[in-house]
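Engineer: Dropping the sequence and predicted coords here.
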Amino acid sequence: MSEFYIRGKPYSADEIHALTQEDLVIPTIRTMPSSLYKYFPDTIDSESGRNFSREALENNTVFLQQPRLYDDPYDCTILMNEEEFAHQRITYYAKLCGLEISPEWNYSRIAYEFSCYLYQGLIAGKELATLFPVQFDGNDIFEKQHELFILSLQAGLNEFEGSQQVWAQAFYKAIHQEYVDLHKGKIEAFRVACFTESPYAMLMWAHYANSHKGFCIEYEVPPYGEPYIQLFHSLFPVIYSNERVSILNQCVRSLQPPGLTQDILWDIYKYGLLMKSLNWKYQNEWRLISYGNMLSGDDNFNCRFFKIKKVFLGNRMNTQNRLEIIDICKRKQIPYVGVTIAPDKYEMSDCKQLCENCPKMFMPEEMRE
(Lines give C-alpha, C1' and ligand atoms only; values in the text may rest on other atoms or scores of the structure.)
Protein backbone atom coordinates (compact mmCIF):
# COMPACT_ATOMS: atom_id res chain seq x y z
CA MET A 1 0.00 0.00 0.00
CA SER A 2 1.27 3.45 -0.89
CA GLU A 3 2.41 5.63 2.00
CA PHE A 4 3.18 9.32 1.87
CA TYR A 5 4.08 11.69 4.72
CA ILE A 6 4.63 15.43 4.90
CA ARG A 7 5.84 16.70 8.28
CA GLY A 8 4.61 13.48 9.87
CA LYS A 9 1.08 13.74 8.44
CA PRO A 10 -0.06 10.80 6.29
CA TYR A 11 -1.41 11.35 2.78
CA SER A 12 -2.95 9.02 0.24
CA ALA A 13 -1.63 8.71 -3.31
CA ASP A 14 -4.70 10.57 -4.57
CA GLU A 15 -4.12 13.41 -2.10
CA ILE A 16 -0.50 13.75 -3.20
CA HIS A 17 -1.58 13.67 -6.84
CA ALA A 18 -4.05 16.50 -6.18
CA LEU A 19 -1.57 18.51 -4.08
CA THR A 20 -0.81 21.79 -5.87
CA GLN A 21 2.10 24.08 -5.16
CA GLU A 22 -0.25 26.56 -3.48
CA ASP A 23 -1.73 23.74 -1.35
CA LEU A 24 1.73 23.02 0.02
CA VAL A 25 3.36 26.45 0.13
CA ILE A 26 0.62 28.54 1.75
CA PRO A 27 -0.07 26.28 4.78
CA THR A 28 3.68 25.64 5.08
CA ILE A 29 4.42 29.37 5.41
CA ARG A 30 1.76 29.67 8.11
CA THR A 31 3.01 26.70 10.13
CA MET A 32 6.73 26.81 9.46
CA PRO A 33 8.87 26.10 12.54
CA SER A 34 10.45 29.08 14.26
CA SER A 35 13.93 27.76 13.40
CA LEU A 36 15.55 25.57 10.78
CA TYR A 37 18.89 23.82 11.26
CA LYS A 38 21.71 22.80 8.96
CA TYR A 39 24.61 20.51 9.83
CA PHE A 40 28.13 21.28 8.57
CA PRO A 41 31.24 19.03 8.54
CA ASP A 42 33.80 21.85 9.13
CA THR A 43 36.25 20.21 6.72
CA ILE A 44 38.44 21.51 3.92
CA ASP A 45 37.34 20.70 0.38
CA SER A 46 40.06 18.62 -1.28
CA GLU A 47 39.66 20.23 -4.72
CA SER A 48 39.37 23.92 -3.85
CA GLY A 49 41.19 23.98 -0.51
CA ARG A 50 38.28 25.97 0.94
CA ASN A 51 36.28 25.35 4.09
CA PHE A 52 32.74 25.90 2.81
CA SER A 53 31.26 25.29 6.27
CA ARG A 54 33.09 28.26 7.74
CA GLU A 55 32.32 30.42 4.72
CA ALA A 56 28.63 29.71 5.33
CA LEU A 57 29.02 30.80 8.95
CA GLU A 58 31.04 33.89 8.11
CA ASN A 59 28.76 35.05 5.29
CA ASN A 60 25.36 33.79 6.50
CA THR A 61 24.96 31.80 3.28
CA VAL A 62 24.02 28.25 2.32
CA PHE A 63 25.52 26.41 -0.62
CA LEU A 64 23.08 25.15 -3.26
CA GLN A 65 24.32 21.67 -4.11
CA GLN A 66 23.95 19.59 -7.26
CA PRO A 67 21.45 16.83 -6.40
CA ARG A 68 23.49 14.11 -8.13
CA LEU A 69 26.16 14.52 -5.42
CA TYR A 70 23.84 13.52 -2.58
CA ASP A 71 24.44 10.23 -0.75
CA ASP A 72 21.05 8.70 -1.62
CA PRO A 73 21.14 7.30 -5.20
CA TYR A 74 17.37 7.84 -5.48
CA ASP A 75 17.58 11.46 -4.34
CA CYS A 76 16.23 14.01 -6.82
CA THR A 77 15.66 11.43 -9.55
CA ILE A 78 12.61 11.14 -11.77
CA LEU A 79 10.95 7.85 -12.60
CA MET A 80 10.10 7.10 -16.22
CA ASN A 81 10.33 3.84 -18.10
CA GLU A 82 12.75 4.19 -21.02
CA GLU A 83 10.93 1.67 -23.19
CA GLU A 84 7.65 3.54 -22.85
CA PHE A 85 9.51 6.82 -23.37
CA ALA A 86 10.93 5.43 -26.64
CA HIS A 87 7.48 4.26 -27.73
CA GLN A 88 5.94 7.68 -27.15
CA ARG A 89 8.79 9.59 -28.79
CA ILE A 90 8.99 7.51 -31.97
CA THR A 91 5.19 7.78 -32.25
CA TYR A 92 5.51 11.56 -31.91
CA TYR A 93 8.15 11.88 -34.63
CA ALA A 94 6.37 9.49 -36.99
CA LYS A 95 3.17 11.52 -36.69
CA LEU A 96 5.12 14.73 -37.31
CA CYS A 97 6.10 13.22 -40.65
CA GLY A 98 2.47 12.52 -41.49
CA LEU A 99 2.37 8.78 -40.81
CA GLU A 100 -0.83 7.30 -39.43
CA ILE A 101 0.04 5.23 -36.39
CA SER A 102 -2.35 2.65 -35.00
CA PRO A 103 -2.73 2.69 -31.18
CA GLU A 104 -2.17 -1.09 -31.18
CA TRP A 105 1.28 -0.86 -32.76
CA ASN A 106 4.25 -1.54 -30.52
CA TYR A 107 7.61 0.22 -30.74
CA SER A 108 9.06 -2.27 -33.26
CA ARG A 109 6.14 -1.93 -35.65
CA ILE A 110 6.26 1.87 -35.53
CA ALA A 111 10.03 1.86 -36.01
CA TYR A 112 9.66 -0.42 -39.03
CA GLU A 113 6.95 1.69 -40.71
CA PHE A 114 8.84 4.88 -39.91
CA SER A 115 12.12 3.53 -41.29
CA CYS A 116 10.38 2.47 -44.52
CA TYR A 117 9.03 5.98 -44.98
CA LEU A 118 12.39 7.64 -44.32
CA TYR A 119 14.32 5.11 -46.44
CA GLN A 120 12.04 5.69 -49.43
CA GLY A 121 12.66 9.42 -49.11
CA LEU A 122 16.42 8.96 -48.93
CA ILE A 123 16.64 6.70 -51.99
CA ALA A 124 14.54 9.28 -53.84
CA GLY A 125 17.38 11.72 -53.29
CA LYS A 126 15.90 13.76 -50.44
CA GLU A 127 17.82 15.00 -47.42
CA LEU A 128 16.79 13.49 -44.09
CA ALA A 129 15.88 16.90 -42.66
CA THR A 130 13.42 17.58 -45.50
CA LEU A 131 11.46 14.47 -44.54
CA PHE A 132 10.59 16.21 -41.24
CA PRO A 133 8.61 19.15 -42.64
CA VAL A 134 7.13 20.46 -39.37
CA GLN A 135 7.65 24.11 -38.44
CA PHE A 136 7.33 25.42 -34.89
CA ASP A 137 6.45 29.03 -35.68
CA GLY A 138 9.75 30.44 -34.55
CA ASN A 139 9.92 28.49 -31.27
CA ASP A 140 13.69 28.11 -31.00
CA ILE A 141 13.58 25.47 -28.26
CA PHE A 142 11.51 22.98 -30.24
CA GLU A 143 13.25 23.75 -33.52
CA LYS A 144 16.64 23.02 -31.95
CA GLN A 145 15.31 19.88 -30.29
CA HIS A 146 13.92 18.77 -33.63
CA GLU A 147 17.25 19.47 -35.35
CA LEU A 148 19.20 17.58 -32.69
CA PHE A 149 17.03 14.50 -33.15
CA ILE A 150 17.59 14.56 -36.92
CA LEU A 151 21.34 15.06 -36.49
CA SER A 152 21.52 12.24 -33.96
CA LEU A 153 19.50 9.97 -36.23
CA GLN A 154 21.79 10.78 -39.19
CA ALA A 155 24.85 10.12 -37.02
CA GLY A 156 23.39 6.75 -36.08
CA LEU A 157 22.74 5.85 -39.71
CA ASN A 158 26.36 6.69 -40.53
CA GLU A 159 27.72 4.87 -37.49
CA PHE A 160 25.77 1.65 -38.04
CA GLU A 161 25.90 1.62 -41.85
CA GLY A 162 26.16 -1.96 -43.05
CA SER A 163 24.37 -3.41 -40.08
CA GLN A 164 21.15 -5.34 -40.73
CA GLN A 165 19.64 -3.38 -37.81
CA VAL A 166 20.90 0.02 -38.94
CA TRP A 167 17.54 1.79 -38.57
CA ALA A 168 16.72 0.17 -35.23
CA GLN A 169 20.14 1.12 -33.87
CA ALA A 170 19.95 4.66 -35.24
CA PHE A 171 16.49 5.22 -33.73
CA TYR A 172 17.67 3.86 -30.39
CA LYS A 173 20.72 6.12 -30.41
CA ALA A 174 18.68 9.26 -31.12
CA ILE A 175 15.87 8.52 -28.66
CA HIS A 176 18.18 7.32 -25.90
CA GLN A 177 20.08 10.60 -26.17
CA GLU A 178 16.80 12.46 -25.67
CA TYR A 179 16.09 10.31 -22.62
CA VAL A 180 19.49 11.08 -21.10
CA ASP A 181 19.23 14.79 -21.90
CA LEU A 182 15.76 14.90 -20.37
CA HIS A 183 17.05 13.52 -17.07
CA LYS A 184 19.92 15.98 -17.03
CA GLY A 185 17.89 18.95 -18.17
CA LYS A 186 14.97 18.39 -15.81
CA ILE A 187 16.93 17.62 -12.63
CA GLU A 188 20.55 18.74 -12.99
CA ALA A 189 19.42 22.28 -13.74
CA PHE A 190 18.27 22.56 -10.13
CA ARG A 191 20.32 23.28 -7.00
CA VAL A 192 19.25 22.29 -3.50
CA ALA A 193 20.11 23.13 0.13
CA CYS A 194 18.79 20.89 2.93
CA PHE A 195 17.65 21.71 6.46
CA THR A 196 16.05 19.97 9.40
CA GLU A 197 14.04 20.82 12.52
CA SER A 198 16.38 19.82 15.37
CA PRO A 199 20.02 20.34 16.39
CA TYR A 200 20.00 17.15 18.49
CA ALA A 201 19.60 14.44 15.82
CA MET A 202 22.41 11.95 16.40
CA LEU A 203 22.23 10.44 12.91
CA MET A 204 22.38 13.90 11.36
CA TRP A 205 25.48 14.71 13.40
CA ALA A 206 27.01 11.43 12.26
CA HIS A 207 26.14 11.75 8.55
CA TYR A 208 26.47 15.46 7.87
CA ALA A 209 28.67 16.93 10.61
CA ASN A 210 31.74 14.72 10.19
CA SER A 211 30.77 12.23 12.92
CA HIS A 212 30.01 14.97 15.51
CA LYS A 213 33.24 16.86 14.71
CA GLY A 214 31.49 19.67 12.83
CA PHE A 215 28.79 22.12 13.85
CA CYS A 216 25.13 22.91 13.33
CA ILE A 217 23.69 26.34 12.52
CA GLU A 218 20.27 27.46 13.70
CA TYR A 219 18.51 29.86 11.33
CA GLU A 220 15.73 32.03 12.69
CA VAL A 221 12.64 31.87 10.47
CA PRO A 222 11.36 35.47 10.22
CA PRO A 223 7.78 36.65 9.66
CA TYR A 224 6.68 36.29 6.05
CA GLY A 225 7.59 39.37 4.05
CA GLU A 226 10.42 41.26 2.39
CA PRO A 227 13.29 40.63 1.84
CA TYR A 228 12.60 36.90 2.30
CA ILE A 229 9.56 36.29 0.08
CA GLN A 230 11.55 34.47 -2.61
CA LEU A 231 13.11 32.21 0.02
CA PHE A 232 9.73 31.35 1.51
CA HIS A 233 8.34 30.41 -1.90
CA SER A 234 11.38 28.22 -2.65
CA LEU A 235 11.37 26.33 0.67
CA PHE A 236 9.41 23.08 0.99
CA PRO A 237 9.06 20.16 3.41
CA VAL A 238 10.18 16.84 1.95
CA ILE A 239 7.57 14.23 0.98
CA TYR A 240 8.48 10.77 2.33
CA SER A 241 7.12 7.70 0.58
CA ASN A 242 7.56 3.95 0.27
CA GLU A 243 7.27 4.07 -3.52
CA ARG A 244 8.35 6.16 -6.48
CA VAL A 245 5.82 7.76 -8.79
CA SER A 246 6.33 7.84 -12.56
CA ILE A 247 6.13 11.21 -14.30
CA LEU A 248 6.83 9.79 -17.75
CA ASN A 249 3.81 11.41 -19.38
CA GLN A 250 4.60 14.83 -17.90
CA CYS A 251 8.22 14.67 -19.06
CA VAL A 252 7.25 13.58 -22.57
CA ARG A 253 4.73 16.43 -22.74
CA SER A 254 7.48 18.87 -21.78
CA LEU A 255 9.29 17.98 -25.02
CA GLN A 256 6.30 19.03 -27.10
CA PRO A 257 4.56 22.40 -27.43
CA PRO A 258 3.76 24.24 -25.20
CA GLY A 259 6.75 22.75 -23.33
CA LEU A 260 7.54 22.93 -19.63
CA THR A 261 4.29 24.26 -18.18
CA GLN A 262 3.83 25.20 -14.53
CA ASP A 263 1.91 22.01 -13.73
CA ILE A 264 4.63 19.82 -15.25
CA LEU A 265 7.31 21.75 -13.36
CA TRP A 266 5.41 21.22 -10.09
CA ASP A 267 5.22 17.46 -10.72
CA ILE A 268 9.00 17.44 -11.21
CA TYR A 269 9.31 19.21 -7.85
CA LYS A 270 6.76 16.98 -6.11
CA TYR A 271 7.84 13.57 -7.42
CA GLY A 272 11.51 14.26 -8.10
CA LEU A 273 13.13 17.02 -6.07
CA LEU A 274 10.99 16.70 -2.92
CA MET A 275 10.25 12.99 -2.65
CA LYS A 276 12.47 10.68 -0.61
CA SER A 277 12.31 7.16 0.78
CA LEU A 278 10.60 6.50 4.12
CA ASN A 279 14.04 5.35 5.30
CA TRP A 280 14.97 9.05 5.62
CA LYS A 281 11.79 10.11 7.45
CA TYR A 282 13.71 10.70 10.69
CA GLN A 283 15.43 13.69 9.07
CA ASN A 284 12.30 15.89 9.00
CA GLU A 285 13.95 17.57 6.05
CA TRP A 286 13.18 20.88 4.34
CA ARG A 287 14.57 21.83 0.96
CA LEU A 288 15.48 25.16 -0.54
CA ILE A 289 15.26 24.68 -4.32
CA SER A 290 16.76 26.98 -6.91
CA TYR A 291 16.64 26.72 -10.68
CA GLY A 292 20.31 27.24 -11.50
CA ASN A 293 21.62 30.35 -9.74
CA MET A 294 18.16 31.93 -9.42
CA LEU A 295 18.56 32.30 -5.63
CA SER A 296 22.30 32.84 -5.50
CA GLY A 297 22.78 35.53 -8.11
CA ASP A 298 26.32 34.36 -8.87
CA ASP A 299 28.18 31.35 -10.24
CA ASN A 300 29.25 30.09 -6.79
CA PHE A 301 25.71 28.99 -5.85
CA ASN A 302 25.90 30.52 -2.38
CA CYS A 303 22.53 31.84 -1.25
CA ARG A 304 21.92 34.42 1.46
CA PHE A 305 19.64 32.76 3.97
CA PHE A 306 17.67 33.61 7.11
CA LYS A 307 19.59 35.21 9.97
CA ILE A 308 21.84 32.93 11.99
CA LYS A 309 20.44 32.62 15.50
CA LYS A 310 22.84 30.18 17.16
CA VAL A 311 25.68 27.74 16.50
CA PHE A 312 25.85 24.27 18.07
CA LEU A 313 29.35 22.80 18.40
CA GLY A 314 29.78 19.07 17.85
CA ASN A 315 30.49 16.77 20.76
CA ARG A 316 33.69 15.45 19.17
CA MET A 317 35.00 18.71 17.72
CA ASN A 318 38.70 19.08 18.53
CA THR A 319 39.95 21.95 20.66
CA GLN A 320 41.60 23.96 17.88
CA ASN A 321 38.56 23.86 15.60
CA ARG A 322 36.23 24.61 18.48
CA LEU A 323 38.20 27.70 19.46
CA GLU A 324 38.28 28.90 15.85
CA ILE A 325 34.51 28.52 15.46
CA ILE A 326 33.97 30.28 18.78
CA ASP A 327 36.16 33.14 17.56
CA ILE A 328 34.01 33.50 14.40
CA CYS A 329 30.85 33.47 16.53
CA LYS A 330 32.20 36.18 18.83
CA ARG A 331 33.21 38.37 15.92
CA LYS A 332 29.80 37.93 14.30
CA GLN A 333 28.01 38.27 17.66
CA ILE A 334 26.35 34.89 17.26
CA PRO A 335 25.45 32.86 20.38
CA TYR A 336 27.01 29.40 20.53
CA VAL A 337 26.80 26.30 22.68
CA GLY A 338 28.45 22.91 22.90
CA VAL A 339 26.33 19.81 22.39
CA THR A 340 26.74 17.02 24.91
CA ILE A 341 25.46 13.46 25.25
CA ALA A 342 23.40 12.25 28.20
CA PRO A 343 25.06 9.59 30.39
CA ASP A 344 21.89 7.52 30.92
CA LYS A 345 19.87 8.08 27.72
CA TYR A 346 20.44 8.13 23.98
CA GLU A 347 19.87 11.87 23.84
CA MET A 348 21.79 15.04 23.10
CA SER A 349 21.39 18.44 24.72
CA ASP A 350 23.10 21.81 25.26
CA CYS A 351 26.07 21.83 27.57
CA LYS A 352 25.45 23.89 30.69
CA GLN A 353 28.78 25.72 30.61
CA LEU A 354 30.71 27.70 28.04
CA CYS A 355 33.13 25.62 26.01
CA GLU A 356 36.11 27.82 26.85
CA ASN A 357 35.46 27.34 30.58
CA CYS A 358 35.15 23.57 30.33
CA PRO A 359 38.11 21.56 31.68
CA LYS A 360 37.53 18.94 28.97
CA MET A 361 38.56 21.46 26.33
CA PHE A 362 42.23 20.87 26.95
CA MET A 363 42.09 17.15 27.65
CA PRO A 364 43.30 14.69 25.03
CA GLU A 365 40.40 13.70 22.77
CA GLU A 366 40.40 10.08 23.92
CA MET A 367 39.71 11.24 27.51
CA ARG A 368 36.69 13.41 26.76
CA GLU A 369 34.01 10.73 26.38
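Structural biologist: Cool, got the structure. For clarity, every value in this text was computed on a predicted model and none was experimentally measured.
Engineer: Next, please give the residue ranges for the strands of this structure.
Structural biologist: For the chain, the strands defined by DSSP state E occupy 4-6, 9-11, 35-40, 61-63, 190-195, 215-220, 235-237, 239-241, 275-277, 286-291, 302-304, 308-313, 336-341, 348-350.
Engineer: can you put those strands in CSV and add distance to Val180 and mean neighbour count?
Structural biologist: From N, CA and C alone the C-beta is placed, and that goes for glycine too. Listed next are the strands of the chain as CSV, based on distance: least, Cβ to Cβ, whole Å; neighbours: other Cβ atoms under 10 Å:
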stretch, distance to Val180, mean neighbour count
strand 4-6, 29, 19
strand 9-11, 32, 12
strand 35-40, 32, 23
strand 61-63, 27, 20
strand 190-195, 17, 22
strand 215-220, 37, 22
strand 235-237, 27, 21
strand 239-241, 25, 22
strand 275-277, 21, 19
strand 286-291, 20, 19
strand 302-304, 29, 20
strand 308-313, 40, 21
strand 336-341, 44, 19
strand 348-350, 44, 15
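Engineer: Compare these and give me the one nearest Leu79.
Structural biologist: Comparison of these against Leu79 by Cβ to Cβ identifies strand 275-277 as nearest, at 9.4 Å.
Engineer: Pairing partners for that closest one, with directions?
Structural biologist: Neighbouring strands of strand 275-277 in its sheet, by DSSP bridges, are strand 239-241 (parallel).
Engineer: Next one: the nearest residue to Thr91 once chain neighbours are set aside relative to Tyr200, how far apart?
Structural biologist: Nearest non-adjacent residue to Thr91, counting by Cβ to Cβ, 6 or more residues apart in numbering: Ile101, 5.4 Å away. Per Cβ to Cβ, to the nearest Å, Ile101 is found 59 Å from Tyr200.
Engineer: Relative to Arg109, which of the strands of the chain is closest?
Structural biologist: strand 275-277 (35.2 Å).
Engineer: Show the pLDDT at Asn139.
Structural biologist: You'll see Asn139 listed with a pLDDT of 67.
Engineer: Then Ile264?
Structural biologist: At Ile264, pLDDT is 93.
Engineer: what sits against it?
Structural biologist: Counting by Cβ atoms under 8 Å, 6 or more residues apart in numbering, Ile264 touches Gln250, Cys251, Arg253, Ser254.
Engineer: now swap in Glu83 and tell me
Structural biologist: Glu83 sits in contact with Tyr107, where contact means Cβ under 8 Å, 6+ apart.
Engineer: which ones are touching Phe160?
Structural biologist: With Cβ under 8 Å, 6+ apart, Phe160 has these contacts: Val166, Gln169, Ala170, Lys173.
Engineer: How much space separates Asn106 from Ala155?
Structural biologist: Distance, Asn106 to Ala155, by Cβ to Cβ: 25 Å.
Engineer: Of the two, which one has the most company?
Structural biologist: Taking other Cβ atoms under 10 Å, Asn106 and Ala155 do not tie; Ala155 has more neighbours (14 against 9).
Engineer: what's the closest non-adjacent residue to the more buried one?
Structural biologist: Lys173 (7.2 Å).
Engineer: in this structure, which spans are helices?
Structural biologist: Along the chain, counting by DSSP state H, helices occupy 13-18, 21-31, 52-59, 82-96, 107-123, 140-159, 166-183, 202-208, 229-232, 248-254, 262-268, 319-332.
Engineer: Which residues outside the fifth one are in contact with it?
Structural biologist: So that's helix 107-123. Contacts of helix 107-123 (Cβ under 8 Å, 6+ apart): 83, 86-87, 90-91, 93-94, 97, 99, 101, 105, 128, 130-131, 167-168, 171.
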